[in-house]
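Novice: this one's sequence-less:
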RNA sequence: UGGCCUAUGGUGUAAUUGGUAACACAGCUGAUUUUGGUUCAGUCGUUCAAGGUUCGAGUCCUUGUAGGCCAACCA
């Protein structure tokens, strides 16, 4: 077999070039740096797969680092959820790190910067500083405090740390260049006073370092070789490097920041802020609502880690804007589930069938394949009887030749059982069909080997036996938004495009063995789609979530 | 009156670094099928524009055009 030439993404090209230029492969090290202020979503999954994938590819360690520099927003709850999600995706981190572990080192370095005349305490309001900042096309002006003496700065900064000042009264700023074309270089804030206790450091600190000051130095402390982030940080790179330059020791690895485009998924939103709104405004039931593009939502929906990793791998990584069609994600789910999900029968919209020539009160068992994709196919027994449910849409009194299902006078195979023929219908006063009376061919039983059992009939239907079937709550999910890019309208709020039919709850009937299934177990309801047992489920009240429907070429024909 | 980034089929991503533009999804045909599933075969369709360098340009140069990002004591 010819070895497939693996194409590299632009990050891998950069790493390969570094290696060619003499960078030691053993010094390669990556990190995934979430802020614990929300739940991880499919966009993060892409970043996780990138960083941990690189670790696997180059046999390099990958740290999980919580960027926890803002106690106003961050909580332990999110730390726990993030760890769970990363593990569930199937990745192992080398070290579990926290930016807050570096607060002392960061403080010491800040003191060093003050001593070197590279940082100063500013005592203006944020409004005053904003006014001096200028605009992208107009340079800024110096703060009146810019030239405080080193001694005064040191004294003030220490007193900031000791808690002598109110929140917001002073900040520590890097002294760089108020005329820079890069706004971030116009004396960025390094520390702010925040009298707020931190989920890990408690009340030890009341000054907290800003992202730019923290991130690069944390990468340096951990000796991260390649620090990958999203495109909006591209302008931060110059500052990242400036900060690094102040403390860098040439015997150490100097981390390199590179930026990639965040992945956007159609028919949803991928932004923590917007997802938070969906939760707060109760559009969904929580962060793990199966309609959410969060990792926890996808998990509850029935997506497998494999399918998400495959998806991330397939969409790749680049620098241009993108909107990935959700149908690709759905394809990845089906591809994986097709191989692994046991086939079962469930009827979501029941229509009663009575087999008039079948003995009253008789129960017999038919044999069903668990999964035709299995290497060694296994089987189970299913009860069959005179009265059955089939799917309402599988019967029509009259239909054309393209309708391969049951119609009056027509024959159809009941999956794993007999061939039946529809003889007449019973309707109520409104004309709604209550029952379809059929006859069956006793010799046509599946697997019996008779010539009758080998007969080809055009359609095969799934069914359940009414006396044996169990009721189940089936939560049928659809796309959360009707628009491909709900947040792509400048004049309209994304919530205007919520799909009113994103969830419909139906009472269906499942084959009896299914009540034993445990939360998280995934199945294919034959001819319908993939479903998974919800955590709300119990043996008495089974609950299934629809992950994704089967490909439905009939729906396309029916449309025409 | 700025700076940075990006432009390849409908979508996403590649192209051995200047040498036949390909892979996946989506779409469309057909075959197989006791799931209108799966599988298999086939098919449609691509380098933002204009110049330039070169035997040869998606790739290099110039000039445009379009889109994104940058003025939080957020990350």
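Specialist: Thanks, I have it. Remember, predicted model here, so these are calculated numbers, not experimental data.
Novice: could you look up the SS state of residue A:35?
Specialist: Secondary structure for residue A:35, judged by DSSP: H, G, I helix; E, B strand; the rest coil, is coil.
Novice: surely it and residue A:71 touch.
Specialist: No. In this structure, residue A:35 is not within contact of residue A:71 by CB atoms under 8 Å, at 11.6 Å. Just so you know, the C-beta spots here come from the backbone N, C-alpha and C atoms, and that holds for glycine as well.
Novice: which one's more surrounded, those two?
Specialist: More neighbours surround residue A:71 than the other of residue A:35 and residue A:71, with 21 against 17 (other CB atoms under 10 Å).
Novice: could you check how far the closest residue to the more buried one other than its chain neighbours is from residue A:276?
Specialist: With CB to CB, 6 or more residues apart in numbering as the criterion, residue A:71 has its nearest non-adjacent residue at 4.1 Å, and that residue is residue A:198. To residue A:276, residue A:198 is 21 Å away according to CB to CB, to the nearest Å.
Novice: repeat that for residue A:365.
Specialist: Distance from residue A:365 to residue A:276, counting by CB to CB: 52 Å.
Novice: neighbour count: these two, which is higher?
Specialist: Taking other CB under 10 Å, residue A:365 and residue A:276 do not tie; residue A:276 has more neighbours (14 against 10).
Novice: need the nearest residue in space to that one, chain neighbours excluded.
Specialist: Per CB to CB, 6+ apart, closest to residue A:276 is residue A:38, 6.3 Å.
Novice: where along the stretch 101-250 of chain A do the helices fall?
Specialist: Under the criterion DSSP state H, counting those that start in this stretch, the stretch 101-250 of chain A contains helices at A:103-115, A:126-132, A:150-162, A:211-222, A:236-247.
Novice: show me how chain A divides into domains.
Specialist: Following automatic domain parsing, chain A resolves into domains at A:10-260, A:272-342+A:472-559, A:346-462.
Novice: so for the shortest one, what's the average pLDDT?
Specialist: Rounded to a whole number, the mean pLDDT of domain A:346-462 is 96.
Novice: top helix in chain A by residue count?
Specialist: Ranked by residue count, the top helix of chain A under DSSP state H comes out as helix A:42-58.
Novice: quick one: is it near RNA strand B?
Specialist: No. Using CB under 7 Å from any atom of the strand, we find that helix A:42-58 stays clear of RNA strand B, coming within 10.0 Å at best.
Novice: tabulate the domains of chain A (a markdown table), appending distance to residue A:266.
Specialist: A markdown table is the format used below for the domains of chain A (distance: least, CB to CB, whole Å):
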| stretch | distance to residue A:266 |
| --- | --- |
| domain A:10-260 | 11 |
| domain A:272-342+A:472-559 | 4 |
| domain A:346-462 | 26 |
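Novice: dump the residue contacts of residue A:51.
Specialist: The contact partners of residue A:51, by CB atoms under 8 Å, 6 or more residues apart in numbering, come to A:30, A:31, A:32, A:62, A:228.
Novice: tell me the pLDDT of it.
Specialist: 98.
Novice: mind checking how far residue A:510 is from RNA strand B?
Specialist: 15 Å (CB to the nearest atom of the strand, to the nearest Å).
Novice: same check on residue A:8?
Specialist: 5 Å.
Novice: and that residue, how many residues sit next to it?
Specialist: Neighbour count of residue A:8, defined by other CB under 10 Å: 12.
Novice: ditto for the one 10 residues further on
Specialist: For residue A:18, the number of neighbouring residues by other CB under 10 Å comes to 17.
Novice: name the helix or strand for it, please.
Specialist: Residue A:18 belongs to helix A:10-20 when assigned by DSSP states H and E.
Novice: give me the residues contacting that helix.
Specialist: A:8, A:25, A:28, A:50, A:54, A:57-58, A:225-226, A:228, A:256, A:258, A:260, A:317-319.
Novice: how about it: buried residues?
Specialist: Buried positions in helix A:10-20, judged by neighbour count with 16 or more other CB atoms under 10 Å: A:11, A:12, A:15, A:18.
Novice: coming back round to it: next step: the contacts of helix A:10-20 restricted to strands.
Specialist: A:226, A:228, A:256, A:258, A:260 (DSSP state E).
Novice: for RNA strand B, state which of those residues is nearest.
Specialist: Nearest to RNA strand B among the ones in strands among the contacts of helix A:10-20, counting by CB to the nearest atom of the strand, is residue A:260 at 8.7 Å.
Novice: what's in contact with the helix or strand bottoming out on mean pLDDT in chain A?
Specialist: Counting by mean pLDDT, DSSP states H and E, the weakest-scoring helix or strand in chain A turns out to be helix A:553-559, with a mean of 89. Residues from elsewhere that reach helix A:553-559 (CB under 8 Å, 6+ apart): A:402, A:404.
Novice: likewise for stretch A:127-137?
Specialist: Around stretch A:127-137, the neighbours that count as contacts under CB under 8 Å, 6+ apart are A:122, A:124, A:140, A:141, A:142, A:143, A:171, A:178, A:181, A:183, A:186, A:189.
Novice: that stretch spans what distance, first to last residue?
Specialist: Stretch A:127-137 has an end-to-end distance of 19 Å (criterion: CA to CA, to the nearest Å).
Novice: in it, what's buried?
Specialist: Within stretch A:127-137, the residues scored as buried using 16+ other CB under 10 Å are A:129, A:132, A:133, A:134.
Novice: equivalent analysis for stretch A:404-424, please.
Specialist: A:404-408, A:410-422.
Novice: and those residues near RNA strand B, which?
Specialist: Answer for these near RNA strand B (CB under 7 Å from any atom of the strand): A:404, A:405, A:413, A:415, A:416.
Novice: for the third one, helix, strand, or coil?
Specialist: What three-state DSSP gives for residue A:413 is strand.
Novice: which ones are touching residue A:52?
Specialist: A:30, A:32, A:62, A:86, A:91, A:93.
Novice: what's near enough to touch the nearest residue to residue A:192 once chain neighbours are set aside?
Specialist: Excluding the flanking residues, the one nearest residue A:192 by CB to CB, 6+ apart is residue A:171, at 5.2 Å. By CB under 8 Å, 6+ apart, the contact list for residue A:171 reads A:121, A:122, A:129, A:189, A:190, A:191, A:192, A:193.
Novice: can I get the buried part of the contacts of stretch A:127-137 as one ChimeraX selection?
Specialist: Buried residues among these (16+ other CB under 10 Å), as a ChimeraX selection:
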select /A:122,124,140,143,171,178,186,189
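Novice: tell me which of the contacts of stretch A:127-137 fall in strands.
Specialist: Within the contacts of stretch A:127-137, residues falling in strands by DSSP E are A:122, A:171, A:189.
Novice: how about these in JSON lines, adding pLDDT?
Specialist: Converted to JSON lines, the ones in strands among the contacts of stretch A:127-137 look like this (pLDDT from 0 to 100):
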{"residue": "A:122", "pLDDT": "98"}
{"residue": "A:171", "pLDDT": "98"}
{"residue": "A:189", "pLDDT": "98"}
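Novice: out of the residues you listed, which touch RNA strand B?
Specialist: Okay, of those touching RNA strand B (CB under 7 Å from any atom of the strand), that's A:171, A:189.
Novice: the ones in strands among the contacts of stretch A:127-137 into JSON lines, with extra columns for distance to residue A:323?
Specialist: Output for these, formatted as JSON lines (distance: CB to CB, whole Å):
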{"residue": "A:122", "distance to residue A:323": "42"}
{"residue": "A:171", "distance to residue A:323": "39"}
{"residue": "A:189", "distance to residue A:323": "35"}
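Novice: what is the nearest of the ones in strands among the contacts of stretch A:127-137 to residue A:514?
Specialist: Set against residue A:514, the nearest of the ones in strands among the contacts of stretch A:127-137 by CB to CB is residue A:189 (58.1 Å).
Novice: that closest one contacts residue A:210, correct?
Specialist: Yes. Shown here, residue A:189 and residue A:210 form a contact pair, counting by CB under 8 Å, at 5.4 Å.
Novice: up against RNA strand B, what does the stretch 1-150 of chain A have?
Specialist: A:7-10, A:13, A:16, A:35, A:67, A:69-70, A:72-73, A:124-126, A:129-130, A:133, A:135-137.
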